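Enquirer: sequence? don't have it. structure:
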Ligand SMILES: O=C(O)c1ccccc1NCC(=O)[C@H](O)[C@H](O)COP(=O)(O)O
């Protein structure tokens, strides 16, 4: 059965719904331009509530060392997700100094984009395939945009990978079937407004994954 990550948690209610629904991971966003951005205080409080109940993922975008150190200190995450244009060398560096599992996110628009994955396999513990941002001004993730899931169906990767981008309680089963994903990630598709997760939609998404 696939496992799920509920990303962009901003409230205790959403966190509890994710855990009670059986999510394997929850994501906390530290990118200041995101509607899901958490201040250090909120990040620390949610991370404390999650500790020992679910695997936590710190979502970062091209973050410098000072940002990472402060966010890791606040959240003590199990995983760090690098969701910007981090080169393989930077991914290796973060993994070394943070001493946590690293998830490297990549934007996928066409088959050729998946070739970039091989450069990250030696330095990341997991990969995450998301739709590409709709414009240079848009944030790099959490945009409710899907890509062609069938692109993934014919590939094998040297690391576990998550399918992300535009997933919802309605389409996630089909996305798993077409892509062959063992791990799925959702943010916008379980929200009632940008940045506000809906516990009922979280429960519906997790139930659909588990069917
Ligand atoms: O969620 C955000 O606001 C975000 C901002 C900047 C970088 C990454 C972000 N989210 C990362 C995720 O893992 C999302 O779950 C993933 O992009 C899928 O989002 P959605 O298409 O909204 O389900």
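Expert: Happy to help now that I have it. All values reported here derive from a predicted model rather than from experimental measurement.
Enquirer: please settle this for me: is residue 129 part of a strand?
Expert: Yes. When the secondary structure is assigned by DSSP: H, G, I helix; E, B strand; the rest coil, residue 129 falls within a strand.
Enquirer: measure it to the ligand for me?
Expert: Shown here: residue 129 relative to the ligand, a distance of 10 Å by C-beta to the nearest ligand atom, to the nearest Å. Using the backbone N, CA and C atoms, a C-beta is placed for each residue, glycine as well.
Enquirer: ok, the closest residue to that residue other than its chain neighbours - contacts?
Expert: Leaving aside its sequence neighbours, residue 129 sits nearest to residue 108 (C-beta to C-beta, 6 or more residues apart in numbering; 5.0 Å). Applying C-beta atoms under 8 Å, 6 or more residues apart in numbering, we find residue 108 in contact with 114, 129-132, 147, 151-152, 165.
Enquirer: residues near the closest residue in space to residue 83 that isn't next to it in sequence, how many?
Expert: Setting aside the residues directly before and after it, residue 83 is nearest to residue 105 in space (C-beta to C-beta, 6+ apart), at 4.2 Å. Under the neighbour criterion other C-beta atoms under 10 Å, residue 105 is assigned a count of 25.
Enquirer: re the thing from before, whichever of the contacts of residue 108 end up buried, select them in ChimeraX.
Expert: To isolate the buried members of the contacts of residue 108 in ChimeraX, using 16 or more other C-beta atoms under 10 Å:
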select :114,129,130,131,132,147,151,152,165
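Enquirer: the longest strand along the chain pairs with which strands, parallel or anti?
Expert: Longest strand in the chain by number of residues, with DSSP state E as the criterion: strand 101-108. Sheet pairing of strand 101-108 (DSSP bridges) gives strand 79-82 (parallel), strand 126-131 (parallel).
Enquirer: what about the helix or strand of the chain with the lowest mean pLDDT, distance to the chain center?
Expert: The helix or strand of the chain with the poorest confidence is helix 150-153; it has a mean of 94 (mean pLDDT, DSSP states H and E). From the chain centre to the centre of helix 150-153 is a distance of 19 Å (C-alpha atoms, centre = their mean, to the nearest Å).
Enquirer: which strands and helices lie in contact with that helix?
Expert: helix 172-179 (3 or more C-beta pairs under 8 Å, 6 or more residues apart in numbering; DSSP states H and E).
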